[in-house]
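S.K.: have a look at this fold, sequence not included:
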């Protein structure tokens, strides 16, 4: 059984109200590259941070407790406006697709005080059995936490 949420473009038209959960992330001086902007590789770290913070801290979820782990099978980032230290980011999170054994987390990064999205992207994770590392259905307690992020 598969759930599908309303498709969103993950482009510069994204708005804050398209996301269900937010995390404030201060940039650090070391995030900047030699051009004075946040280095491209840092964006995926910001995406991972908002996802893991929501799951492990805000939702108090221990995924391994349910006999599964997640493998990231795909990710993507689009850059729309520059970010640089000392900007503070507000990372918006939603679930774009919730399948039987996979989830697509979608993220929008906004500089604090701006309505313009600076970057958009996603991570797709597949849930696998701890022992066999073969895909399995998302356990119901995890599915409930993920469902709360759908629009």
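M.R.: Received the coordinates, thanks. Not measured: the values here are computed from a predicted model.
S.K.: ok, longest helix in this protein?
M.R.: Once the chain is assigned using DSSP state H, the helix that runs over the most residues is helix 40-52.
S.K.: can you check the pLDDT for the nearest residue to residue 89 once chain neighbours are set aside?
M.R.: Across the structure, with Cβ to Cβ, 6 or more residues apart in numbering as the measure, the residue nearest residue 89 apart from its sequence neighbours is residue 25 (4.4 Å). For the C-beta atoms, the positions are set from N, CA and C on the backbone; glycine is no exception. We note a pLDDT of 98 for residue 25 in this prediction.
S.K.: kindly report the same for residue 151.
M.R.: The predicted structure scores residue 151 at 86 on the pLDDT scale.
S.K.: from residue 84, how far off is it?
M.R.: Between residue 151 and residue 84 the distance is 30 Å, computed by Cβ to Cβ, to the nearest Å.
S.K.: can you check residue 101 too?
M.R.: As defined by Cβ to Cβ, residue 101 lies at a distance of 39 Å from residue 84.
S.K.: which one is residue 32 nearest to, not counting chain neighbours?
M.R.: With Cβ to Cβ, 6+ apart as the criterion, residue 32 has its nearest non-adjacent residue at 5.0 Å, and that residue is residue 85.
S.K.: surely residue 33 touches residue 27?
M.R.: No - checked against Cβ atoms under 8 Å, the pair residue 33 and residue 27 is beyond contact range at 11.9 Å.
S.K.: pick out whichever of these two has more residues nearby.
M.R.: In terms of neighbours (other Cβ atoms under 10 Å), residue 27 is the more surrounded of residue 33 and residue 27; the figures are 18 against 12.
S.K.: so what's residue 67 up against?
M.R.: Under the criterion of Cβ atoms under 8 Å, 6 or more residues apart in numbering, the contact list for residue 67 reads 129, 130, 136, 139.
S.K.: quick one: low-confidence ranges for the chain?
M.R.: For the chain, the stretches with pLDDT under 70 are 1-6.
S.K.: show me where it has strands.
M.R.: With DSSP state E, the ranges of strands along the chain come out as 3-4, 21-26, 68-79, 88-98, 102-111, 117-129.
S.K.: a markdown table please, covering these and showing mean neighbour count.
M.R.: Formatted as a markdown table, the entries for the strands of the chain read as follows, by neighbours: other Cβ atoms under 10 Å:
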| stretch | mean neighbour count |
| --- | --- |
| strand 3-4 | 12 |
| strand 21-26 | 16 |
| strand 68-79 | 15 |
| strand 88-98 | 20 |
| strand 102-111 | 23 |
| strand 117-129 | 21 |
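S.K.: many thanks, I have nothing further to ask.
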